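Participant: this is a predicted model, with the sequence first.
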Amino acid sequence: MNTQPFLRAFTAPAVLCSIAFLAAMAAVLQFSLRAYVPGSLEPGGFTLANFTDLLKPLYSRVFLDTVWICALTALSTLLVGYPLAYAMVHTQNAIVKSILLVIVVTPLFLGEVVRTYSWIIVLGNNGFINSMLRGAGLIQQPIQFMFTTFGVVVALVHVTMPVMVIMLAAALSHIDPDYEKAAASLGAGPIRTFLTVTLPLSMPGVVAGVTTAFAWTFSAFATPQLIGGGRVNMISNLVYQLGFASFNFPFAASLCVAGLALTLVVLSGLRLAARPLENIGPQ
């Protein structure tokens, strides 16, 4: 039976999307090489000045802050999500497992803006946390959570948590329970069994979850825009400010190209550094 017509029919949408994506990237690239003409929406001639201007401290600091926030978010999501994924995989109660799954998946059905506004209610000076602390008499003045890196990271952890937990749960579910039983029969306690058996064997999921969380956070816009309030800027926010506030579309395009290149470099470095850890997992 000739399957070529079916393959062409199935791959045609993907090919068309790829062509459209490449065309859009080519347009952004050529825009990044054009000069900015003040007072005009039309770009000038070709130039490399946009990329040399990226080396200025104002812009290079935003790139460093973006990488730092992404790294903090990925590691924080891993620390919070691993126990949840472990409980979801190892619990024997079907009801508890279903409840945990609903808790994990439900945030995916809410928009990022909705989740961000929810965190504004929680982290604001008159929000839930400060109101509880003042009601308990622990503080006199509200703690500043909004417009800080801490607040942005907390909100971003909520955004990336579902994907992290799902990837970790997939890795943990592929670990043969006999390995943990063998370690326990040899005298290893729960903590030692986890550190010497479960954690190493789940490393492929850890690497995949951290990499995905980092890449996902790199393009975050709504959360740092609303929680950061202009004091915590990431690359996407800077692109918005230059493109729609200053109408400097060529420089905004150069920021997009540089941000994409930086993402690829950082993710490639993470993959190379984590390759020995991935080989630890079950084959």
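Facilitator: That came in fine, so what should we check first?

Participant: flag the shaky bits of the stretch 1-150 of the chain, pLDDT-wise.
Facilitator: For the stretch 1-150 of the chain, the stretches with pLDDT under 70 are 1-6, 41.

Participant: let's see that with 90 instead.
Facilitator: 1-63, 67, 84, 86-148 (pLDDT under 90).

Participant: which residues sit against stretch 240-247?
Facilitator: Applying C-beta atoms under 8 Å, 6 or more residues apart in numbering, the contact partners of stretch 240-247 are 41, 221, 225, 233, 248-249, 251-252, 255. (Glycine included, C-beta is placed from N, CA and C.)

Participant: and with 7 Å instead?
Facilitator: 41, 221, 248-249, 251-252, 255 (C-beta atoms under 7 Å, 6 or more residues apart in numbering).

Participant: hmm, Thr223 is touching Val159, no?
Facilitator: Yes - assessed by C-beta atoms under 7 Å, Thr223 is found in contact with Val159 at 6.4 Å.

Participant: who has more neighbours, those two?
Facilitator: Between Thr223 and Val159, Thr223 has the larger neighbour count (other C-beta atoms under 10 Å), namely 28 against 23.

Participant: out of the contacts of stretch 240-247, which comes closest to Gly81?
Facilitator: Phe221 (22.6 Å; C-beta to C-beta).

Participant: how about that closest one, phi and psi?
Facilitator: With angles defined as degrees, to the nearest 10, Phe221 sits at phi -130, psi -60.

Participant: could you list every residue that touches it?
Facilitator: 236-237, 240.

Participant: cool, Ala170 as well?
Facilitator: Gly205.

Participant: and the pLDDT at it?
Facilitator: For Ala170, the pLDDT comes out at 88.

Participant: got the buried residues for the helix or strand where it lies?
Facilitator: Here Ala170 sits within helix 149-173, counting by DSSP states H and E. For helix 149-173, a neighbour-count test (16 or more other C-beta atoms under 10 Å) marks 149, 151-172 as buried.

Participant: same question for stretch 111-127.
Facilitator: 112, 115-116, 119-120, 122-124, 127.

Participant: how far off centre is it?
Facilitator: From the chain centre to the centre of stretch 111-127 is a distance of 18 Å (C-alpha atoms, centre = their mean, to the nearest Å).

Participant: which among the contacts of stretch 240-247 count as buried?
Facilitator: Here, 16+ other C-beta under 10 Å leaves 248-249, 251-252, 255 buried among the contacts of stretch 240-247.

Participant: strands - which of these land there?
Facilitator: If you go by DSSP state E, the buried ones among the contacts of stretch 240-247 have nothing in strands.

Participant: need those residues in CSV (columns: distance to Ala94).
Facilitator: Below are the buried ones among the contacts of stretch 240-247 laid out as CSV (distance: C-beta to C-beta, whole Å):
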residue, distance to Ala94
Asn248, 56
Phe249, 54
Phe251, 55
Ala252, 51
Leu255, 49
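
Participant: in TSV, list those residues along with pLDDT.
Facilitator: Listed next are the buried ones among the contacts of stretch 240-247 as TSV, based on pLDDT from 0 to 100:
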residue	pLDDT
Asn248	83
Phe249	84
Phe251	85
Ala252	85
Leu255	87
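
Participant: shared neighbours, Thr223 and Val159?
Facilitator: Contacts common to Thr223 and Val159, judged by C-beta under 7 Å, 6+ apart, are Glu112.

Participant: helices of this structure, residue ranges please.
Facilitator: Under the criterion DSSP state H, helices of the chain are mapped to 4-32, 49-53, 57-90, 94-105, 112-123, 128-135, 149-173, 177-185, 190-193, 199-201, 203-218, 222-228, 235-240, 249-278.

Participant: reformat these as a markdown table; add distance to Ile143.
Facilitator: Shown next, in a markdown table, are the helices of the chain (distance: least, C-beta to C-beta, whole Å):
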| stretch | distance to Ile143 |
| --- | --- |
| helix 4-32 | 41 |
| helix 49-53 | 38 |
| helix 57-90 | 18 |
| helix 94-105 | 27 |
| helix 112-123 | 9 |
| helix 128-135 | 6 |
| helix 149-173 | 10 |
| helix 177-185 | 41 |
| helix 190-193 | 34 |
| helix 199-201 | 34 |
| helix 203-218 | 24 |
| helix 222-228 | 15 |
| helix 235-240 | 24 |
| helix 249-278 | 32 |
